[in-house]
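In: Just the structure for this:
(one chain, ligands or ions: 2)
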Amino acid sequence: MSAIEIEQLGKSFGAVEVLRDVNIEIASGEFVVLVGPSGCGKSTLLRIIAGLEEHTTGEIRIGGRVVDEMPAKSRDIAMVFQSYALYPHMSVADNMSFALRLAKVPREEIVSRVKMAAEILGLQDLLGRMPRQLSGGQRQRVAMGRAIVRAPSAFLFDEPLSNLDAKLRVKMRAEIKKLHQRLGRTSIYVTHDQTEAMTLADRIVVLNKGRIEQIGTPSELYENPANLFVAGFIGSPE
Ligand code: ADP
Ligand code: MG
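Out: Ligands and ions are numbered 1, 2, ... in the order given. The predicted structure is shown next:
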(Lines give C-alpha, C1' and ligand atoms only; values in the text may rest on other atoms or scores of the structure.)
(Ligands and ions follow the chains in the order given, each with its own letter.)
Protein backbone atom coordinates (compact mmCIF):
# COMPACT_ATOMS: atom_id res chain seq x y z
CA MET A 1 0.00 0.00 0.00
CA SER A 2 1.19 3.49 -0.76
CA ALA A 3 1.97 5.70 2.21
CA ILE A 4 0.69 8.86 0.57
CA GLU A 5 -1.61 8.95 -2.46
CA ILE A 6 -2.49 12.18 -4.19
CA GLU A 7 -5.19 11.88 -6.81
CA GLN A 8 -6.39 14.52 -9.27
CA LEU A 9 -5.54 17.20 -6.77
CA GLY A 10 -6.39 20.78 -7.59
CA LYS A 11 -6.07 24.03 -5.66
CA SER A 12 -7.27 27.53 -6.41
CA PHE A 13 -6.92 30.69 -4.38
CA GLY A 14 -10.06 32.51 -5.48
CA ALA A 15 -9.94 32.59 -9.27
CA VAL A 16 -6.25 31.74 -9.39
CA GLU A 17 -5.53 28.08 -10.03
CA VAL A 18 -2.17 27.08 -8.50
CA LEU A 19 -2.34 23.26 -8.68
CA ARG A 20 -4.06 21.11 -11.29
CA ASP A 21 -4.41 17.37 -11.96
CA VAL A 22 -1.67 16.42 -9.52
CA ASN A 23 -1.29 12.64 -9.21
CA ILE A 24 1.49 11.13 -7.08
CA GLU A 25 1.73 7.78 -5.30
CA ILE A 26 4.45 7.59 -2.70
CA ALA A 27 5.57 4.26 -1.31
CA SER A 28 6.26 3.76 2.36
CA GLY A 29 9.86 4.76 3.10
CA GLU A 30 10.33 6.47 -0.24
CA PHE A 31 12.23 9.77 -0.50
CA VAL A 32 10.45 11.92 -3.09
CA VAL A 33 11.86 15.27 -4.11
CA LEU A 34 9.55 17.92 -5.50
CA VAL A 35 11.32 20.41 -7.75
CA GLY A 36 10.18 23.31 -9.84
CA PRO A 37 10.66 27.04 -10.25
CA SER A 38 9.61 29.56 -7.66
CA GLY A 39 5.84 30.04 -7.54
CA CYS A 40 4.98 26.71 -9.22
CA GLY A 41 3.01 25.45 -6.21
CA LYS A 42 5.52 23.33 -4.26
CA SER A 43 4.85 24.83 -0.83
CA THR A 44 1.11 24.86 -1.42
CA LEU A 45 1.17 21.15 -2.22
CA LEU A 46 3.18 20.36 0.93
CA ARG A 47 0.90 22.51 3.07
CA ILE A 48 -2.12 20.68 1.71
CA ILE A 49 -0.56 17.29 2.50
CA ALA A 50 0.30 18.51 6.00
CA GLY A 51 -3.28 19.69 6.54
CA LEU A 52 -2.33 23.37 6.81
CA GLU A 53 -4.27 24.28 3.68
CA GLU A 54 -7.42 22.85 2.10
CA HIS A 55 -7.46 21.53 -1.44
CA THR A 56 -10.14 22.47 -3.93
CA THR A 57 -10.56 19.23 -5.88
CA GLY A 58 -9.28 15.66 -5.80
CA GLU A 59 -8.28 13.46 -2.93
CA ILE A 60 -5.36 12.71 -0.62
CA ARG A 61 -5.01 9.42 1.22
CA ILE A 62 -2.47 8.86 3.95
CA GLY A 63 -2.02 5.24 4.99
CA GLY A 64 -5.13 4.45 2.93
CA ARG A 65 -7.35 6.97 4.75
CA VAL A 66 -8.87 9.94 2.97
CA VAL A 67 -7.63 13.00 4.84
CA ASP A 68 -10.37 15.52 4.04
CA GLU A 69 -11.72 15.47 7.55
CA MET A 70 -8.44 14.61 9.23
CA PRO A 71 -7.00 17.54 11.18
CA ALA A 72 -3.31 18.38 10.75
CA LYS A 73 -2.56 17.05 14.22
CA SER A 74 -3.73 13.52 13.50
CA ARG A 75 -1.94 13.12 10.16
CA ASP A 76 1.22 11.77 11.80
CA ILE A 77 3.37 13.98 9.59
CA ALA A 78 6.05 16.44 10.63
CA MET A 79 7.04 19.42 8.52
CA VAL A 80 10.45 21.12 8.44
CA PHE A 81 10.33 24.66 7.09
CA GLN A 82 12.79 26.96 5.41
CA SER A 83 12.50 29.63 8.07
CA TYR A 84 13.24 27.55 11.11
CA ALA A 85 11.87 29.89 13.74
CA LEU A 86 13.04 28.44 17.04
CA TYR A 87 11.55 29.67 20.30
CA PRO A 88 14.22 32.23 21.28
CA HIS A 89 13.64 31.99 25.04
CA MET A 90 13.89 28.17 25.18
CA SER A 91 16.99 25.99 25.24
CA VAL A 92 17.71 23.56 22.42
CA ALA A 93 16.33 20.68 24.49
CA ASP A 94 13.16 22.63 25.31
CA ASN A 95 12.71 23.64 21.68
CA MET A 96 12.91 20.00 20.70
CA SER A 97 10.59 18.72 23.40
CA PHE A 98 7.97 21.48 23.25
CA ALA A 99 5.45 19.64 21.03
CA LEU A 100 5.82 16.48 23.10
CA ARG A 101 5.20 18.35 26.34
CA LEU A 102 2.07 19.90 24.82
CA ALA A 103 0.92 16.43 23.79
CA LYS A 104 1.50 15.23 27.37
CA VAL A 105 3.97 12.57 26.37
CA PRO A 106 5.45 11.04 29.56
CA ARG A 107 8.66 12.67 30.76
CA GLU A 108 10.93 9.64 30.44
CA GLU A 109 9.72 9.12 26.89
CA ILE A 110 10.46 12.77 26.06
CA VAL A 111 13.96 12.50 27.51
CA SER A 112 14.72 9.38 25.52
CA ARG A 113 13.36 10.78 22.25
CA VAL A 114 15.30 14.06 22.62
CA LYS A 115 18.42 12.07 23.41
CA MET A 116 17.99 9.91 20.31
CA ALA A 117 17.33 12.90 18.04
CA ALA A 118 20.29 14.80 19.49
CA GLU A 119 22.53 11.83 18.85
CA ILE A 120 21.35 11.44 15.25
CA LEU A 121 21.87 15.14 14.58
CA GLY A 122 25.09 15.63 16.55
CA LEU A 123 23.44 18.02 19.01
CA GLN A 124 24.39 16.19 22.23
CA ASP A 125 26.67 18.97 23.47
CA LEU A 126 24.31 21.79 22.53
CA LEU A 127 21.13 20.77 24.37
CA GLY A 128 21.55 23.46 27.04
CA ARG A 129 22.27 26.31 24.64
CA MET A 130 19.89 29.06 23.61
CA PRO A 131 19.09 29.58 19.91
CA ARG A 132 21.06 32.84 19.75
CA GLN A 133 24.20 30.88 20.68
CA LEU A 134 23.88 28.61 17.65
CA SER A 135 25.16 28.85 14.07
CA GLY A 136 22.76 28.68 11.12
CA GLY A 137 23.52 25.02 10.51
CA GLN A 138 23.03 24.15 14.18
CA ARG A 139 19.68 25.94 14.19
CA GLN A 140 18.54 24.02 11.17
CA ARG A 141 19.54 20.81 12.97
CA VAL A 142 17.42 21.80 15.96
CA ALA A 143 14.51 22.46 13.60
CA MET A 144 14.95 18.94 12.23
CA GLY A 145 15.24 17.64 15.79
CA ARG A 146 11.84 19.12 16.59
CA ALA A 147 10.39 17.05 13.74
CA ILE A 148 12.29 13.86 14.56
CA VAL A 149 11.26 13.71 18.23
CA ARG A 150 7.64 13.49 17.18
CA ALA A 151 8.50 10.16 15.49
CA PRO A 152 6.12 10.82 12.60
CA SER A 153 5.45 8.28 9.88
CA ALA A 154 6.35 10.89 7.26
CA PHE A 155 8.46 14.04 6.92
CA LEU A 156 7.73 17.02 4.72
CA PHE A 157 10.67 19.33 4.06
CA ASP A 158 10.12 22.74 2.49
CA GLU A 159 13.47 24.02 1.20
CA PRO A 160 15.07 23.42 4.60
CA LEU A 161 18.58 24.31 3.43
CA SER A 162 17.92 27.35 1.29
CA ASN A 163 18.98 29.83 3.97
CA LEU A 164 22.37 28.20 4.45
CA ASP A 165 25.57 28.96 2.57
CA ALA A 166 26.66 26.61 -0.21
CA LYS A 167 29.25 24.70 1.78
CA LEU A 168 26.96 24.04 4.71
CA ARG A 169 24.18 23.06 2.31
CA VAL A 170 26.29 20.28 0.87
CA LYS A 171 27.11 19.03 4.36
CA MET A 172 23.50 19.14 5.55
CA ARG A 173 22.38 17.41 2.37
CA ALA A 174 24.59 14.46 3.30
CA GLU A 175 23.16 14.51 6.82
CA ILE A 176 19.60 14.45 5.57
CA LYS A 177 20.51 11.46 3.43
CA LYS A 178 21.99 9.68 6.46
CA LEU A 179 18.94 10.56 8.51
CA HIS A 180 16.72 8.99 5.90
CA GLN A 181 18.86 5.87 5.71
CA ARG A 182 18.68 5.55 9.46
CA LEU A 183 14.98 6.27 10.04
CA GLY A 184 13.61 5.13 6.67
CA ARG A 185 10.55 7.38 6.90
CA THR A 186 8.48 8.41 3.91
CA SER A 187 9.71 11.87 2.94
CA ILE A 188 8.69 14.60 0.55
CA TYR A 189 11.42 17.15 0.09
CA VAL A 190 10.91 20.43 -1.74
CA THR A 191 13.82 22.23 -3.32
CA HIS A 192 14.56 24.36 -6.35
CA ASP A 193 18.13 23.06 -6.32
CA GLN A 194 18.62 20.37 -8.98
CA THR A 195 21.80 18.98 -7.43
CA GLU A 196 20.02 18.53 -4.13
CA ALA A 197 17.19 16.76 -5.95
CA MET A 198 19.50 14.46 -7.90
CA THR A 199 21.51 13.42 -4.83
CA LEU A 200 18.66 12.89 -2.37
CA ALA A 201 15.77 11.50 -4.38
CA ASP A 202 14.49 8.00 -4.91
CA ARG A 203 12.13 9.72 -7.33
CA ILE A 204 11.80 13.30 -8.49
CA VAL A 205 8.53 15.06 -9.25
CA VAL A 206 8.99 18.00 -11.61
CA LEU A 207 6.31 20.63 -11.10
CA ASN A 208 5.74 23.59 -13.42
CA LYS A 209 2.94 26.12 -13.11
CA GLY A 210 0.99 23.82 -10.82
CA ARG A 211 1.16 20.75 -13.04
CA ILE A 212 3.42 17.71 -13.01
CA GLU A 213 5.76 17.61 -16.01
CA GLN A 214 7.36 14.28 -15.13
CA ILE A 215 7.90 11.81 -12.30
CA GLY A 216 10.88 9.46 -12.34
CA THR A 217 14.14 8.38 -10.78
CA PRO A 218 17.01 10.85 -11.12
CA SER A 219 18.57 8.77 -13.91
CA GLU A 220 15.25 8.42 -15.76
CA LEU A 221 14.81 12.17 -15.74
CA TYR A 222 18.39 12.78 -16.71
CA GLU A 223 18.43 10.22 -19.52
CA ASN A 224 14.84 10.50 -20.72
CA PRO A 225 13.43 13.92 -19.92
CA ALA A 226 9.77 14.09 -20.99
CA ASN A 227 10.13 17.52 -22.55
CA LEU A 228 12.32 20.58 -22.90
CA PHE A 229 11.24 21.99 -19.57
CA VAL A 230 12.43 18.91 -17.68
CA ALA A 231 15.60 18.70 -19.74
CA GLY A 232 16.37 22.35 -19.06
CA PHE A 233 15.55 22.13 -15.41
CA ILE A 234 17.45 18.93 -14.63
CA GLY A 235 20.36 19.76 -16.91
CA SER A 236 21.04 23.31 -15.84
CA PRO A 237 23.88 24.04 -13.42
CA GLU A 238 23.29 24.87 -9.75
P1 ADP B 1 6.48 27.64 -4.53
O2 ADP B 1 6.57 27.06 -3.16
O3 ADP B 1 6.67 26.63 -5.62
O4 ADP B 1 7.42 28.80 -4.72
P5 ADP B 1 3.84 28.43 -3.69
O6 ADP B 1 3.14 27.15 -3.44
O7 ADP B 1 4.32 29.18 -2.52
O8 ADP B 1 5.01 28.21 -4.75
O9 ADP B 1 2.86 29.38 -4.49
C10 ADP B 1 2.19 28.97 -5.68
C11 ADP B 1 1.32 30.10 -6.17
O12 ADP B 1 0.22 30.26 -5.27
C13 ADP B 1 2.01 31.44 -6.24
O14 ADP B 1 1.55 32.10 -7.39
C15 ADP B 1 1.55 32.13 -4.98
O16 ADP B 1 1.55 33.51 -5.17
C17 ADP B 1 0.16 31.58 -4.79
N18 ADP B 1 -0.25 31.53 -3.37
C19 ADP B 1 0.34 30.81 -2.40
N20 ADP B 1 -0.30 30.96 -1.22
C21 ADP B 1 -1.33 31.82 -1.47
C22 ADP B 1 -2.39 32.38 -0.66
N23 ADP B 1 -2.50 32.07 0.64
N24 ADP B 1 -3.27 33.19 -1.27
C25 ADP B 1 -3.16 33.50 -2.58
N26 ADP B 1 -2.21 33.00 -3.39
C27 ADP B 1 -1.30 32.17 -2.85
MG1 MG C 1 7.84 27.51 -1.56
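In: use CA for all of it now, contacts and neighbours both
Out: Will do.
In: can I assume residue 217 is in contact with residue 197?
Out: No - applying C-alpha atoms under 8 Å, one finds residue 217 not in contact with residue 197, separated by 10.1 Å.
In: What count of nearby residues applies to residue 184?
Out: Residue 184 has 16 neighbours, counted by other C-alpha atoms under 10 Å.
In: Give me the common contacts of residue 217 and residue 197.
Out: When contacts are counted by C-alpha atoms under 8 Å, 6 or more residues apart in numbering, the set common to residue 217 and residue 197 consists of residue 204.
In: partners of the residue nearest the centre of the chain in the sheet?
Out: Using C-alpha atoms, centre = their mean, the residue of the chain that lies closest to the mean C-alpha position is residue 157, 1.7 Å off. Beta-bridge pairing for residue 157 (DSSP bridges): residue 80, residue 189.
In: So which of residue 217 and residue 197 has more stuff around it?
Out: Set residue 217 next to residue 197 and count neighbours by other C-alpha under 10 Å: residue 197 wins out with 23 against 17.
In: Just give the nearest non-adjacent residue to the more buried one, would you?
Out: residue 33 (5.8 Å; C-alpha to C-alpha, 6 or more residues apart in numbering).
In: Show the contacting residues for the one you found.
Out: Counting by C-alpha under 8 Å, 6+ apart, residue 33 has contacts 188, 189, 190, 191, 197, 200, 201, 202, 203, 204, 205.
In: go with 6 Å
Out: 188, 189, 190, 197, 201, 204 (C-alpha atoms under 6 Å, 6 or more residues apart in numbering).
In: where does the chain have low pLDDT?
Out: Applying pLDDT under 70 to the chain flags the ranges 1, 236-238.
In: change it to 80
Out: 1-2, 69, 72-74, 82-84, 235-238 (pLDDT under 80).
In: residue boundaries of the strands in it?
Out: Chain-ordered strands for the chain, with DSSP state E as the definition, fall at 2-13, 16-27, 31-35, 57-62, 65-66, 77-80, 154-158, 186-191, 203-208, 211-216.
In: Would you mind giving these as JSON lines with distance to ligand 1 added?
Out: Converted to JSON lines, the strands of the chain look like this (distance: least, C-alpha to the nearest ligand atom, whole Å):
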{"stretch": "strand 2-13", "distance to ligand 1": "5"}
{"stretch": "strand 16-27", "distance to ligand 1": "5"}
{"stretch": "strand 31-35", "distance to ligand 1": "8"}
{"stretch": "strand 57-62", "distance to ligand 1": "15"}
{"stretch": "strand 65-66", "distance to ligand 1": "22"}
{"stretch": "strand 77-80", "distance to ligand 1": "14"}
{"stretch": "strand 154-158", "distance to ligand 1": "8"}
{"stretch": "strand 186-191", "distance to ligand 1": "8"}
{"stretch": "strand 203-208", "distance to ligand 1": "8"}
{"stretch": "strand 211-216", "distance to ligand 1": "11"}
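In: Can you pull the residues of the chain lying near ligand 1?
Out: Residues of the chain that fall close to ligand 1, judged by C-alpha under 6 Å from any ligand atom: 13, 18, 38, 39, 40, 41, 42, 43, 44.
In: taking those residues one by one, which sit in helices?
Out: Judged by DSSP state H, the residues of the chain next to ligand 1 include 42, 43, 44 as members of helices.
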